[in-house]
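>>> quick one, what's the 3D model for this:
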Amino acid sequence: ELVAGLQEIGETQITPKLIQTARGLYEQLLDAAQPVRTTTFHSFCHDLLSRFPLQADIPPGYELVENTAELKELAWEAFIANVSRDKSSPLQQAFWGLVGAAGSMENTRNALESFLAARADWWAYTEGKDEPLQWALSQLNALFDCTPEDDVSGPIASELWRKKIERYAELLGAPKAPNGNIQKSHEILAAIANNVDGDSLVSLLARTMLKADGDPYILKPSKAYINANGEEAADQLLSEHQEIAERLLEVLDHRKRIDNLLTNQHWYITGTAYLEAYQSQKLALGQLDFADMEWQAYRLLNSREDTEWVQYKLDERIDHLSIDEFQDTNPTQWRLLFPLLKEFATHQRDLRSVFLVGDTKQSIYGFRRANPALQQTASDWLQENLDSKISSMDKSRRSATAVMQTVNAIFSHEHFASIGGFQPHDTFLSDLWGRVEIHPAFSIEEEKPDKGIPAELRNPLTTPRTEKPSARTLEAQFIAERILQLTDGNTLIGKGEE
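Purely as a prediction, here's the structure:
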């Protein structure tokens, strides 16, 4: 059995010495001073925080909460109470500003839930800042290159530009111009004569000079127009049209940047308030969630007063570090691991090892902030600092030939070139029956309401809202039904003729 097992894992030179070594591995494992421990990232974080709770500044004996739905509801109630407390507070103004941008209370709640889900990114982004929110708001101003107080319409509503626009309108509606241009000319001239405010002027110019897609209309003076007004007037009309349109687009871009700035400011202000309410609920109950564990473990190993001592205590206990499914590592987990790897590099000694296993093609935890690019980052660092070697495993021990052929066809395509380093895959199970089914992606087309038919009213107390399933739900249902068809049909999977 031992010889067969060695052959199964790829050993071809089965010598007596190899057999003796293999037989002694289990005994060596049992007699090891430090036993081998197999844990998840979260289990590692939990053990670390349980061992050093005071250094991590967390409640000793904390409770790990997995289902946070009830906590979120309590936090939402506390958050809404804070919003309602002072009608003139920046928090309430930001909240209603976010509601206006989101379009509904449901969308607003979803936006704030997305902030809560990305709390580790927020903590990392603002780490070390005395006033995290104020610092982040200042970064938004720099990012969008504007402030809410900017005079947006000023560059096109000055006296000089009003005269230019007036001259343009006169040329636009000159004799022999198309009726549509004459109508636009009258509207612009009336606005100039009535000295409308800058925002109204910008809106009028956008409506009369830009198409639905935002691009300027193309003017082509007709021969009749040129004969009636002269080539110089036609050239001036085109020149004025282009110059005013360019300035208008700059103004509209500025306005859009301010709108985006305000929306993000509202999101930051309300998001941090909701996050504070959520964290307060957990603190009162002595609880941590998974994001807390990762973040607090990262801080314990990187930015606490006792960090070096904690690293030393860990370093003396770890000689071999093996991590599987590395492609699903998120940035916080990587920053948590990095101090341990640096300790390995700084205090190198015999019989220590780091072993990472991962396949960027198989990264499926993006919803948990997994970043497959970190695998290459870790690989480069280990090669540079620990002289590591890369061993490619391109031959499967569990998949049929049909699956490997499909993998090769997909990942050899230029669309996946960013993965890098892909080598054609093969399988040890060449005689295993296999089948690959490729189905169209599921999508949901939004139905446009029929303007001629009024929306049907319903009693919300007796009739629930009808919600169409999402594309992901339809896809999951299809896969489940297909699996049932295979199992109910007694589809057999075996080798050769089996």
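>>> residue ranges with poor pLDDT in the stretch 351-498 of the chain?
Applying pLDDT under 70 to the stretch 351-498 of the chain flags residues 446-455, 492-498.
>>> repeat that with 50
Under the criterion pLDDT under 50, no range of the stretch 351-498 of the chain is flagged.
>>> before we move on, what about the stretch 201-350 of the chain?
Nowhere does the stretch 201-350 of the chain drop to pLDDT under 50.
>>> so how far is Q281 from the spatially closest residue to T68 that is not a sequence neighbour?
Of all residues not flanking T68 in the chain, D289 sits nearest, at 5.6 Å (CB to CB, 6 or more residues apart in numbering). C-beta: built from backbone N, CA, C; applies to glycine. Distance, D289 to Q281, by CB to CB, to the nearest Å: 11 Å.
>>> list residues touching both of the two?
Each of L71 lies in contact with both D289 and Q281 under the rule CB atoms under 8 Å, 6 or more residues apart in numbering.
>>> the residue nearest to T68 - how many residues pack around it?
19 (other CB atoms under 10 Å).
>>> wait, what's in contact with it?
Contacts of D289 by CB under 8 Å, 6+ apart are 64-66, 68, 71, 282.
>>> S379 touches S388, doesn't it?
Yes - using CB atoms under 8 Å, S379 is in contact with S388, at 7.4 Å.
>>> of the contacts of D289 - the most surrounded one?
That'd be K282 among those, by other CB under 10 Å, with 20 neighbours.
>>> I figured that one hits V65, correct?
Yes - taking contacts as CB under 8 Å, K282 lies within contact range of V65: 7.1 Å.
>>> what's the overlap in contacts for those two?
Common neighbours of K282 and V65, using CB under 8 Å, 6+ apart, are 71, 288-289.
>>> inside helices: which ones of those?
L71 (DSSP state H).
>>> element containing G128?
Counting by DSSP states H and E, no helix or strand carries G128.
>>> quick one: pLDDT of it?
Looking at G128, its pLDDT stands at 91.
>>> circling back to that earlier point, need the shared contacts of K282 and V65 in a markdown table with distance to D306, can you?
Formatted as a markdown table, these follow (distance: CB to CB, whole Å):
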| residue | distance to D306 |
| --- | --- |
| L71 | 29 |
| L288 | 19 |
| D289 | 24 |
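>>> just curious, which of the shared contacts of K282 and V65 is nearest to Q20?
L288 (47.9 Å; CB to CB).
>>> burial measure for the closest one, as a count.
Neighbourhood size, L288 [other CB under 10 Å]: 24.
>>> give me every residue that touches the residue nearest to it when sequence neighbours are not counted.
Leaving aside its chain neighbours, L288 sits nearest to Y62 (5.1 Å; criterion: CB to CB, 6+ apart). Shown in contact with Y62 (CB under 8 Å, 6+ apart): 49, 53, 286-288.
>>> same thing but at 7 Å, please
By CB atoms under 7 Å, 6 or more residues apart in numbering, the contact list for Y62 reads 286-288.
>>> can you show me the strands along this structure?
Assigned by DSSP state E, the strands in the chain fall at 63-64, 287-288, 320-323, 353-356, 395-396, 426-427.
>>> show me what the third one is in contact with.
What that stands for is strand 320-323. With contacts defined as CB under 7 Å, 6+ apart, strand 320-323 is touched by 340, 352-356.
>>> now with 10 Å?
Strand 320-323 has contacts (CB atoms under 10 Å, 6 or more residues apart in numbering) with 34, 36, 38, 41, 44, 329, 333, 337, 340-341, 344, 351-358, 378.
>>> partners of that strand in the sheet?
Strand 320-323 has its sheet partners listed here by DSSP bridges as strand 353-356 (parallel).
>>> what separation do you get for T491 and W433?
10 Å.
>>> who has more neighbours out of those two?
Remark: of T491 and W433, W433 carries more neighbours, 16 against 11, as counted by other CB under 10 Å.
>>> now that one: phi and psi?
phi -60, psi 140 (degrees, to the nearest 10).
>>> need the contact list for P469.
Neighbouring residues of P469 by CB under 10 Å, 6+ apart: 442, 444, 475-477.
>>> repeat the analysis, applying 8 Å as the threshold.
Q477.
>>> over to it: give its phi and psi.
phi -70, psi 150.
>>> where along the stretch 301-450 of the chain do the helices fall?
307-315, 331-346, 373-386, 401-411 (DSSP state H, counting those that start in this stretch).
>>> S239 is nearest to which of those helices?
Nearest of the helices of the stretch 301-450 of the chain to S239, taken as CB to CB: helix 373-386 at 49.1 Å.
>>> and the closest one with helix 331-346, angle?
Here helix 373-386 runs at an angle of 10 degrees relative to helix 331-346 (axes from the mean of the first three to the mean of the last three CA atoms, to 10 degrees).
>>> which elements pack onto the longest helix seen in the chain?
Ranked by residue count, the top helix of the chain under DSSP H comes out as helix 231-285. Here helix 231-285 touches helix 69-85, helix 90-102, helix 105-117, helix 119-125, helix 132-144, helix 154-157, helix 159-172, helix 198-209, going by 3 or more CB pairs under 8 Å, 6 or more residues apart in numbering; DSSP states H and E.
>>> flag every buried residue along stretch 191-204.
Neighbour-count burial for stretch 191-204 flags 191-192, 196, 198, 201-202, 204 (criterion: 16 or more other CB atoms under 10 Å).
>>> for that stretch, measure first residue to last.
8 Å (CA to CA, to the nearest Å).
>>> ok, and what's touching it?
Under the criterion CB under 8 Å, 6+ apart, residues 151-154, 156-157, 162, 165-166, 169, 187-188, 248, 251-252, 255 lie in contact with stretch 191-204.
>>> what subset of those is buried?
For the contacts of stretch 191-204, burial is judged from neighbour counts taken by 16+ other CB under 10 Å, and it is met by 152-153, 156-157, 162, 165, 169, 188, 248, 251-252, 255.
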